[in-house]
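Chemist: Would you be able to build a 3D model of this:
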Amino acid sequence: MKLQFITTLFATHGNHNHNTPHNYHYHSHSDTKYRPGNDGNPSNGYSYASSSSLRDTDKAFPDYGSTPVEIDQIKLAKKNKWRRKDLDGQTLVEDTLKELEGDDVFQATLQDMERKGLKQMSLEERKVRRRALDALGVPSFGDFVKDKGGDVVRKTTEVLQLNIGLYCNQACGHCHVESSPKRTEMMSVEVATKCLEILKQSPEVTTLDITGGAPELNENFRLIVRLAREMRPDLDIIDRCNLTVLHEPGQEGLVQFLKDNRVHVIASLPCYSEENVNQQRGGGVFERSISALLMLNEAGYGEDGTGLQLDLVYNPLGAFLPPEQGKLEVAYKERLDEDFGIDFNSLYTMTNMPVKRFADFLHRRGELKDYMDLLVRNFNLDTTQSLMCTNTVSIGYDGKIFDCDFNQQLGYGVGSDEIHEGGTTVFDVDSLNDLLKEKIKNDNHCFGCTAGMGSS
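Modeler: Numbers count the residues shown, from 1 in each chain. Have a look, this model is predicted:
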């Protein structure tokens, strides 16, 4: 907790050298002070001020003496130009769309989506990854794990993840769900209601993880949060927040809503550098993100003792693994505090998954094979015991059920056949325990979750 103190300089008080002319000289008696005068009293020309005079002086300067002697604890409050109230209620969507118009790669991807469809694109993407692994002499992910003596086994579901829509006010270069203002898919109130019914029947769930897109822009977001909180006061409700959404029109009360419902905010901030953030997430995103973090801090988020958890997520700018999480967290905390006066609780590092927009980025740069090689070289068997898919169920905006968010974007549904047709929906189950018998689906993209210290 930073302290702000206002210090006042008084020319008429001080503890100065008594040999200096016209400075105070303290007499040995505690109640008497000499001051320059020519009233004929002591021969050195000083007269004294009585205790009553000093008390009058204290009344004239009521703040004198209020500064604590523990001066090492005094911190100057920064005048924070980064809290941009002028951005409140101002949308980022128009700027994002304008950038996308000039983005040849995005436009080519958009044309492919319209011409081929998402399913065909996912199939082609899988083949490209498979060819890269074949060239490296690497077997399938499942066989690779078994060869290392491991296995990926479903456990009791502790995390229920809801992707409630793909619409977003941003269009990030690493986005594995292809979100943008162009996507309009949203979870309906019927699907949302069924998800809450399943949550009620699944007391083993400790976390409700709400993601998107920008989940807050789904008209049912607040209803889901409010009902889940009423149903389960002990539940850890996570909002996967892109930060800039806090400035969007209609979201003026969002921070207070999150606070009132004790929502755990996990926010994306891939760097503490403006240039790197804007390169990955779009022009103007950095200043809006910093301003949003300050808004959350003002509400008590990230502050010890408030119970309002604010965590940040880092993911690399390009085809490399994230730094060591603990050391990077220290760097983030130092820079964000020093440069912007921002506090947060924890930092999570995520490896970019070779799927969707990032996979396309790698393929166009001719880096996909090298990236897959990087992931395989850094395979960590220990991560297979704590992968997202082992204790999480992910539900798409349309109600289809998946083992994880990445499988969801590739269409690898729980209960689907070998070519990923069919699959289980929320309307086919009563509780998440109904899924315990289902085998986890994995594929070559899963190397992204097992590289280094993992990405789940």
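
Chemist: Look up how far residue 223 lies from residue 435.
Modeler: For residue 435, the distance to residue 223 (CB to CB, to the nearest Å) stands at 25 Å. From N, CA and C alone the C-beta is placed, and that goes for glycine too.

Chemist: Between the two, tell me which one has more neighbours.
Modeler: Each of residue 435 and residue 223 has its neighbours counted (other CB atoms under 10 Å); residue 435 has more, 18 against 14.

Chemist: I figured that one was touching residue 402, is that so?
Modeler: No: Residue 435 is beyond contact range of residue 402, at 10.5 Å (criterion: CB atoms under 8 Å).

Chemist: which residues are common contacts for those two?
Modeler: Common contact partners of residue 435 and residue 402 (CB atoms under 8 Å, 6 or more residues apart in numbering): 393, 414.

Chemist: how about the helices in the stretch 251-400 of the chain?
Modeler: Using DSSP state H, counting those that start in this stretch, the helices of the stretch 251-400 of the chain run over residues 254-260, 274-281, 285-298, 325-340, 356-364, 368-377, 388-391.

Chemist: and the gap between the residue most central in space within the chain and residue 111?
Modeler: Closest to where the C-alpha atoms of the chain average out (CA atoms, centre = their mean) is residue 267, at 1.6 Å. In this structure, residue 267 and residue 111 are 32 Å apart, going by CB to CB.

Chemist: What are the boundaries of the strands in the stretch 301-450 of the chain?
Modeler: Under the criterion DSSP state E, counting those that start in this stretch, strands of the stretch 301-450 of the chain are mapped to 310-314, 346-349, 392-395, 401-402.

Chemist: Surely residue 89 is in contact with residue 247?
Modeler: Yes: contact criterion CB under 8 Å: residue 89 and residue 247 qualify, at 7.2 Å.

Chemist: ok, those two, which is more surrounded?
Modeler: residue 247 (25 against 12).

Chemist: residues touching the more buried one, list them.
Modeler: 84, 87-90, 92, 288, 291-292.

Chemist: distance of it from residue 111?
Modeler: Relative to residue 111, and taking CB to CB, residue 247 is found at 31 Å.

Chemist: same question, residue 161
Modeler: 31 Å.

Chemist: These two: which is more packed in?
Modeler: The neighbour comparison of residue 161 against residue 111 (other CB under 10 Å) goes to residue 161, with 22 against 10.

Chemist: Help me confirm that that one comes into contact with residue 393.
Modeler: Yes: if you go by CB under 8 Å, residue 161 and residue 393 touch, sitting 6.9 Å apart.

Chemist: hang on, the earlier thing: same list (the strands of the stretch 301-450 of the chain) but as CSV, adding distance to residue 379 and mean neighbour count.
Modeler: Listed next are the strands of the stretch 301-450 of the chain as CSV, based on distance: least, CB to CB, whole Å; neighbours: other CB atoms under 10 Å:
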stretch, distance to residue 379, mean neighbour count
strand 310-314, 21, 21
strand 346-349, 17, 18
strand 392-395, 21, 24
strand 401-402, 23, 26
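
Chemist: re earlier: most packed of the helices of the stretch 251-400 of the chain?
Modeler: helix 285-298 (a mean of 23; mean count of other CB atoms under 10 Å).

Chemist: just the angle between it and helix 274-281, please?
Modeler: Helix 285-298 runs at 100 degrees relative to helix 274-281, counting by axes from the mean of the first three to the mean of the last three CA atoms, to 10 degrees.

Chemist: So which bits of the longest helix seen in the chain are buried?
Modeler: Using DSSP state H, we find that the single longest helix of the chain is helix 118-136. Neighbour-count burial for helix 118-136, counted by 16 or more other CB atoms under 10 Å, picks out 121-122, 125-126, 128-129, 132-133.

Chemist: Dump those into JSON lines; add pLDDT and distance to residue 429 as well.
Modeler: Below are these laid out as JSON lines (pLDDT from 0 to 100; distance: CB to CB, whole Å):
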{"residue": "121", "pLDDT": "74", "distance to residue 429": "29"}
{"residue": "122", "pLDDT": "79", "distance to residue 429": "24"}
{"residue": "125", "pLDDT": "81", "distance to residue 429": "29"}
{"residue": "126", "pLDDT": "82", "distance to residue 429": "27"}
{"residue": "128", "pLDDT": "88", "distance to residue 429": "34"}
{"residue": "129", "pLDDT": "89", "distance to residue 429": "31"}
{"residue": "132", "pLDDT": "90", "distance to residue 429": "36"}
{"residue": "133", "pLDDT": "91", "distance to residue 429": "34"}
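
Chemist: would a markdown table of the residues you listed with distance to residue 324 be doable?
Modeler: Formatted as a markdown table, those follow (distance: CB to CB, whole Å):
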| residue | distance to residue 324 |
| --- | --- |
| 121 | 35 |
| 122 | 33 |
| 125 | 30 |
| 126 | 31 |
| 128 | 30 |
| 129 | 27 |
| 132 | 27 |
| 133 | 27 |
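
Chemist: wait, which of those residues is closest to residue 385?
Modeler: Checking these against residue 385 by CB to CB gives residue 133 as the nearest, at 23.2 Å.

Chemist: wait, doesn't the closest one sit right on residue 372?
Modeler: Yes: assessed by CB under 8 Å, residue 133 is found in contact with residue 372 at 5.8 Å.

Chemist: which residues do these two both contact?
Modeler: Common neighbours of residue 133 and residue 372 (CB under 8 Å, 6+ apart) are residue 444.

Chemist: Going along the chain, name the strands of the stretch 1-150 of the chain.
Modeler: Going by DSSP E, counting those that start in this stretch, the stretch 1-150 of the chain shows strands at 25-26, 33-36, 46-49.

Chemist: Where among those is average confidence lowest?
Modeler: If you rank these by mean pLDDT, strand 25-26 sits at the bottom with a mean of 39.

Chemist: With mean pLDDT and distance to residue 206 added, can I get the helices of the stretch 251-400 of the chain in CSV?
Modeler: Below are the helices of the stretch 251-400 of the chain laid out as CSV (pLDDT from 0 to 100; distance: least, CB to CB, whole Å):
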stretch, mean pLDDT, distance to residue 206
helix 254-260, 98, 19
helix 274-281, 88, 30
helix 285-298, 96, 23
helix 325-340, 96, 22
helix 356-364, 85, 29
helix 368-377, 95, 30
helix 388-391, 96, 10
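
Chemist: how about those helices in CSV, adding distance to residue 147?
Modeler: Formatted as CSV, the helices of the stretch 251-400 of the chain follow (distance: least, CB to CB, whole Å):
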stretch, distance to residue 147
helix 254-260, 45
helix 274-281, 35
helix 285-298, 42
helix 325-340, 28
helix 356-364, 25
helix 368-377, 12
helix 388-391, 19
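
Chemist: picking up where we left off before, quick one: contacts for the residue nearest to the centre of the chain?
Modeler: If a contact means CB under 8 Å, 6+ apart, then residue 267 has 241-243, 289, 292-293, 296, 310-313 as its contacts.

Chemist: could you redo the last one with a cut-off of 7 Å?
Modeler: 241, 243, 310, 312-313 (CB atoms under 7 Å, 6 or more residues apart in numbering).

Chemist: Closest one to residue 428 out of those, please.
Modeler: Checking the contacts of residue 267 one by one against residue 428 (CB to CB), the nearest turns out to be residue 241, at 30.7 Å.
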